[in-house]
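Engineer: Got a predicted structure here, sequence first:
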Amino acid sequence: MTMKIWHQSFAQLDALPVYRAALEKHLREAAAPGTEVVLHGMDPRTKPAFEVGKKDIAYPYFQFLHANQFLDNVMQAEKEGYDAFLMSTFPDPYLDVARTLVDIPVIGFGFSAMHTAAYLGRRFGIICFLKDLMPHYVENVRKYGLENLGGPIRHIGLAYADIHKGFEDPRPVVDAFTRVARELIESEGVDVLLPGEGPLGLLLHTNGIHRIDEVPIMDGFVNTLKAAEMMVQLRRTSGLSVTRAGFFHNRPPQQRIDELQRFYFRK
C-alpha cells in the first residue's frame, strides 16, 4: 500500500544539514514499505536562521503568524494529493484549526506522543530545551484532557544551539538528559519520558538511547509517522475521518478562505 506524507518542521531545515540528514534517514528507515515522507521546513524568508525561531517561539503573536505557514501548507498538501500531514513540532501550533481545513489526517507531534504514552505507562514526564514553551506544554496537557497522565515538565539545562551541536558531539546532551530523567523517575514517579522537542528525541535515538533504566523514551517522529500511516489506512479501509460536527470542526468554504487571505495577508 503506497502513501505520501507531508512532514512539516518548525525549523528551517536547509540551515541545519546535519539534523536534516539524520531526520531523513530515521524516517526513511521507519516508514512502512510504500510510504514516502517528504520533508518541509519553514520558509527562510520568515526564519533566516534557526536561532530566530528560538526567539520567536517565546511570543504568542509570533507563533500565531508562523502558524499560518502550517495552515497554508496543510491545505497545499491536500491539493497536491498527499495522504496525510505531520505537524512535526511538539507544541502542535493550531492543530485544531488545521484539522478543520482538510479531510486528510493531520497528526500533531505532541498530541500523538502524549496519547501514545498511555499505552506505555501511567505517568509521563516531558524534558524540553525551550524553556519559554513550558507553560504551553502544561496548557496542551490540560487541553488534551491528560492531567491524570501528564506529569512534570523539566528543562534540560541546555540551549537550543547546544542540542544541534549534539548531532556532532552528543555526550553533553545525553548526560544532561539522563540526569534530568533520573530525577523525574526517582522523585516524581515518571514511567514514560517524552523529549519535549523533536531534535532532542532524534539525537537520543541516533545514539541508541531508548530507555533510562527501565523507563522508555518516546520516539516522537516515528510515533507521529506511524499514527499517520494508521489513520490513512483507516480512512481507506473504513472511511474513517475527522468529525465535521460542531463549531470546532466545521470546514470553511474555500472561496471565503481565499477572500480573507487576500485581505489579511495581501495574497
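Structural biologist: Looks like it arrived, so ask away.

Engineer: Show me where the stretch 51-200 of the chain has its helices.
Structural biologist: Taking DSSP state H, counting those that start in this stretch, the helices of the stretch 51-200 of the chain run over residues 60-79, 95-101, 109-120, 134-143, 160-165, 171-188, 198-206.

Engineer: Ok, which of those comes nearest R235?
Structural biologist: When the helices of the stretch 51-200 of the chain are ranked by distance to R235, counting by Cβ to Cβ, first place goes to helix 60-79 at 12.5 Å. Using the backbone N, CA and C atoms, a C-beta is placed for each residue, glycine as well.

Engineer: What residues of the closest one count as buried?
Structural biologist: Within helix 60-79, the residues that count as buried by 16 or more other Cβ atoms under 10 Å are 63, 66-74, 77-78.

Engineer: so P216 sits in a helix?
Structural biologist: No - counting by DSSP: H, G, I helix; E, B strand; the rest coil, one finds P216 to be strand, located in no helix.

Engineer: Looks like it contacts V192 (just checking).
Structural biologist: Yes - with contact defined as Cβ atoms under 8 Å, P216 counts as touching V192 (5.9 Å).

Engineer: Compare the two (neighbour count), which wins?
Structural biologist: More crowded of P216 and V192, by other Cβ atoms under 10 Å: V192, with 23 against 16.

Engineer: Okay, now the sheet partners of the strand or helix carrying E36, with direction.
Structural biologist: With the criterion set as DSSP states H and E, the secondary-structure element containing E36 is strand 35-40. Counting by DSSP bridges, the strands paired with strand 35-40 are strand 3-9 (parallel).

Engineer: Give me the average confidence score over the partner strand.
Structural biologist: Here strand 3-9 scores 97 as its mean pLDDT.

Engineer: Now it - C-alpha only, CSV.
Structural biologist: Written as CSV, here are the backbone C-alpha positions of strand 3-9 (Å, rounded to 0.1, in the frame of the first residue of the first chain):
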residue,chain,number,x,y,z
MET,A,3,1.1,6.6,0.6
LYS,A,4,2.7,10.0,0.5
ILE,A,5,3.1,12.0,3.7
TRP,A,6,4.0,15.7,4.2
HIS,A,7,6.3,16.3,7.1
GLN,A,8,6.2,19.9,8.3
SER,A,9,9.0,21.0,10.6
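
Engineer: Name the residues of it that come out as buried.
Structural biologist: Buried, per 16+ other Cβ under 10 Å, within strand 3-9: 3-9.

Engineer: check contacts around the nearest residue to A159 once chain neighbours are set aside.
Structural biologist: Spatial nearest neighbour of A159, chain neighbours left out: F129 (7.1 Å); criterion: Cβ to Cβ, 6 or more residues apart in numbering. The neighbourhood of F129, defined by Cβ atoms under 8 Å, 6 or more residues apart in numbering, consists of 155-156, 158-160, 162-163, 196-197, 199-200.

Engineer: before we move on, back to that, give me the common contacts of P216 and V192.
Structural biologist: Shared contacts of P216 and V192, counting by Cβ under 8 Å, 6+ apart, come down to 120-121.

Engineer: returning to what we had before: okay, the residue nearest to A159: pLDDT?
Structural biologist: According to the prediction, F129 has pLDDT 93.

Engineer: next one: P44
Structural biologist: Here, the pLDDT recorded for P44 equals 85.

Engineer: so how far is L16 from it?
Structural biologist: Per Cβ to Cβ, to the nearest Å, P44 is found 12 Å from L16.
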